[in-house]
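Q: Only the shape, not the letters, is given here:
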């Protein structure tokens, strides 16, 4: 498994946070709590050739 630390701004509190992304899977979507404000964030991303080509962190509806 190849992991990469990825930084983004939380859609709730606006603070820059990081998470480890598993780059061995081409497309993923899941909910993860912000490490600062603890709100649920919808995370989705795509990977091509071990590189994140699309990343989204959105409010969980």
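A: Good, I have the coordinates. Here the structure is a predicted model, which is why all the values come from computation and not from measurement.
Q: Name the residues of the helix or strand where residue 43 lies that come out as buried.
A: Counting by DSSP states H and E, the element that carries residue 43 is strand 40-48. For strand 40-48, the neighbour count (16 or more other C-beta atoms under 10 Å) marks 41, 43, 45, 47 as buried. No exception for glycine: its C-beta is placed from N, CA and C like everyone else's.
Q: For residue 37, see how far away the third one is.
A: Okay, so that is residue 45. Per C-beta to C-beta, to the nearest Å, residue 45 is found 21 Å from residue 37.
Q: Would you list the phi and psi of the closest residue to residue 51 other than its chain neighbours?
A: Nearest in space to residue 51, with sequence neighbours left out and distances taken as C-beta to C-beta, 6 or more residues apart in numbering, is residue 23 at 7.7 Å. Dihedral pair for residue 23: phi -80, psi 0, per degrees, to the nearest 10.
Q: go on, the one 10 residues further on?
A: Dihedral pair for residue 33: phi -70, psi 140, per degrees, to the nearest 10.
Q: do the same with residue 15
A: phi -80, psi 140.
Q: quick one, what contacts the residue nearest to the spatial centre of the chain?
A: Ranked by distance to the mean C-alpha position of the chain (C-alpha atoms, centre = their mean), the top residue is residue 43 at 4.5 Å. Taking C-beta atoms under 8 Å, 6 or more residues apart in numbering, we find residue 43 in contact with 19, 28, 29, 30, 31, 32, 55, 56, 57.
Q: Is it bridged to anything, and to what?
A: The partner list for residue 43 in beta bridges (DSSP bridges) reads residue 30, residue 57.
Q: Tell me the confidence at it?
A: The per-residue pLDDT reported for residue 43 equals 97.
Q: residues in contact with the residue located most distally from the centre of the chain?
A: What lies farthest from the middle of the chain is residue 49; by C-alpha atoms, centre = their mean that is 17.8 Å. Residues near residue 49 by C-beta under 8 Å, 6+ apart: none.
Q: Quick check: phi and psi at it.
A: Per-residue torsions, residue 49: phi 50, psi 50 (degrees, to the nearest 10).
Q: Show the model's pLDDT score for it.
A: For residue 49, pLDDT reads 91.
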